[in-house]
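K.L.:
Can you look at this prediction? I've put the sequence above it.
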Amino acid sequence: MTQTRVEEQLNKALPEDAISIMEQINAAGYEAFVVGGCVRDVLLGKAPSDWDITTSAKPQEIKKIFRHTIDTGIQHGTVTVLKKHGEKYTGYEVTTYRIDGEYEDARHPKEVTFTGDLSKDLERRDFTINAMAYHPKSGLIDLFGGCEDLDASLIRCVGDPMERFGEDALRMMRAIRFAAQLDATIDPVTMEAIRVLAPTIAKVSAERIQTELVKLMMSDRPADFILFYQSGLSKYFLPEYEDAMVTEQDNPHHCYTVGEHMLHATMKLNLEALAREYQGEEFLKAKRYLRLTMLLHDIAKPRNKTIDEAGIGHFKGHPQDGKNMVRDILQRLKFDNETIHMVMGLTQYHDREILSEDKAMRRAIHQLGEQYFPLIFYVKEADVLAQSDYRRQEKLDFIKGEREIYQLVRQEAQCVNLKDLAVNGADLITAGMKPGKLLGEVLQNMLQEVLDDPKKNDKEYLLKKYCSKDI
Ligand code: ATP
Ligand code: MG
């Protein structure tokens, strides 16, 4: 891309707010540029998620210039400037040019030093594509060939990779995550440094690792997790993958090792269909659960492998055991409880066949839990598509049958839970029952009958049958 073309693109994308913030800072006698991820994203033709500004002004000076600010990370030089739109505020992080000191435990810079020199600030950034700054009057400041690397889809450290990863080990995961997100490759020198320094990832907090893992899993190339494995990084934050990657399945249904199969499965989820069923935030949540489930669904296979007399591999009990391993792994990586439960459940049930019959479907939804539907069908389908093609059509047809029955049960709003039952506890009390254990049992009996036959979900019928005797 030519310099003029690049600048045209940036000028067009730059929001009014960012321009006015830079102008106000300039009017007070300081420099200011938009910097980092936003510049990179515009040059890639993507809409940036946020616009960060870097400046020669100190935080206290920024606070004098703007009326509405938040002390986001004052000790690191960051103040959030709020711009009002109607009743709503949008925040812009304004950070003073800084030189990062030594990183403590490869986590946070122990100390930061402010500087008046933009080039020093760009030098401390991780990758060339993330180290560009822009101001409409000064144009693009690209001191490390970031633009060229973007054109070549190359992730390359600013300066010496060994030094840069030595300062902050998380950057190794960021390199791989950016490669997956941007459909890029990692410069060989940068990659070699990751291999050498991989063990130092052990010093990075679980929360930061989780963020990078999720960003990679949500990218268009989740199977790039293989780079975490090949570089030796995953050994430290997901050691369960070490066995998985080398465990052969010895089974006609499979053509990959356990680990390879799981990674293939992450790529086989039908996201177009998912986007028709879930919108916005709900879609992203569902995608997150599904990608993490595919990454882990067979994680217990290595330790549950047996070989029969015919030489065929079996993995009895792996979904149940896998559920427990998923709990341990996701807790260790500090995931939230909802994610942990969703991935545990989807792992536990990924192999469960539900008869293509409405009664069995109602019972399955009741027993497994509504929250796992219809996601479980996406899991099953991706699983099959990442196996050998042995009896593939038959397996896919079976899942299709399950889905159709599921849709029927849903369309008819058939009762699958106590909350859908035509009778509730209050009705039983009105009918003369006393609150207590028996009342709960009666509701359960009613539900069992209704699960077998939805036509029985009739208040009059149920009360007559279960409550007309001596209560
Ligand atoms: P995304 O928001 O998609 O994660 P980003 O590049 O905007 O990507 P942020 O974490 O928001 O990443 O960081 C903003 C900028 O700060 C980056 O573009 C980079 O210049 C710099 N940066 C962030 N984290 C690091 C780090 N660990 N080491 C060095 N520079 C970093
Ligand atoms: Mg960002």
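P.N.:
Arrived safely. Numbers count the residues shown, from 1 in each chain. Ligands and ions are numbered 1, 2, ... in the order given.
K.L.:
Tell me how many other residues crowd the residue of the chain found nearest ligand 1.
P.N.:
Minimum separation of the chain from ligand 1 (C-beta to the nearest ligand atom) falls at Gly37, amounting to 2.2 Å. To be clear about C-beta, it is placed using only N, CA and C from the backbone, and glycine gets the same treatment. Neighbour count for Gly37, taken as other C-beta atoms under 10 Å: 18.
K.L.:
just for the stretch 151-300 of the chain, where's the confidence low?
P.N.:
For the stretch 151-300 of the chain, no stretch is flagged by pLDDT under 70.
K.L.:
Now do the contacts for Pro302.
P.N.:
When contacts are counted by C-beta atoms under 8 Å, 6 or more residues apart in numbering, Pro302 touches 243-244, 247, 258.
K.L.:
Pull out the buried members of those.
P.N.:
Buried members of these, counted by 16 or more other C-beta atoms under 10 Å: 243-244, 247, 258.
K.L.:
Next, format the residues you listed as a markdown table and append secondary structure and distance to Cys157.
P.N.:
Output for those, formatted as a markdown table (DSSP: H, G, I helix; E, B strand; the rest coil; distance: C-beta to C-beta, whole Å):
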| residue | secondary structure | distance to Cys157 |
| --- | --- | --- |
| Asp243 | helix | 32 |
| Ala244 | helix | 30 |
| Thr247 | coil | 34 |
| Val258 | helix | 33 |
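K.L.:
Reformat the residues you listed as TSV; add distance to Glu277.
P.N.:
Formatted as TSV, the buried ones among the contacts of Pro302 follow (distance: C-beta to C-beta, whole Å):
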residue	distance to Glu277
Asp243	35
Ala244	30
Thr247	34
Val258	29
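K.L.:
Kindly export stretch 400-410 (C-alpha atoms) in PDB.
P.N.:
Presented in PDB, the C-alpha positions along stretch 400-410 are these (Å, rounded to 0.1, in the frame of the first residue of the first chain):
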ATOM      1  CA  LYS A 400     -30.300 -34.400  11.500                       C
ATOM      2  CA  GLY A 401     -33.100 -36.600  12.700                       C
ATOM      3  CA  GLU A 402     -32.400 -35.600  16.300                       C
ATOM      4  CA  ARG A 403     -32.500 -31.900  15.400                       C
ATOM      5  CA  GLU A 404     -35.800 -32.300  13.500                       C
ATOM      6  CA  ILE A 405     -37.500 -34.000  16.500                       C
ATOM      7  CA  TYR A 406     -36.000 -31.300  18.800                       C
ATOM      8  CA  GLN A 407     -37.500 -28.600  16.600                       C
ATOM      9  CA  LEU A 408     -40.800 -30.200  16.700                       C
ATOM     10  CA  VAL A 409     -40.800 -30.500  20.500                       C
ATOM     11  CA  ARG A 410     -39.900 -26.800  20.600                       C
END
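K.L.:
Point out the residues in the chain that sit beside ligand 1.
P.N.:
Residues of the chain lying close to ligand 1 (C-beta under 6 Å from any ligand atom) are 36-37, 49, 52, 125-126, 130-131, 168, 170-171.
K.L.:
Sitting in strands, which of those do you find?
P.N.:
Judged by DSSP state E, the subset of those located in strands is Asp52.
K.L.:
Throw the residues of the chain next to ligand 1 into TSV and include distance to Pro302, thanks.
P.N.:
Compiled in TSV, these are given as follows (distance: C-beta to C-beta, whole Å):
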residue	distance to Pro302
Gly36	41
Gly37	38
Ser49	38
Asp52	43
Arg125	40
Asp126	35
Asn130	37
Ala131	42
Asp168	33
Leu170	28
Arg171	31
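K.L.:
that older thread, the residue of the chain closest to ligand 1 contacts Pro48, doesn't it?
P.N.:
Yes. If you go by C-beta atoms under 8 Å, Gly37 and Pro48 touch, sitting 6.4 Å apart.
K.L.:
farthest pair in the contacts of Pro302?
P.N.:
Greatest spacing in these, by C-beta to C-beta: Asp243 and Val258 (7.9 Å).
K.L.:
Tyr236 touches Leu197, doesn't it?
P.N.:
No. Tyr236 lies out of contact with Leu197 (C-beta under 8 Å); the separation is 11.1 Å.
K.L.:
Noted, bye for now.
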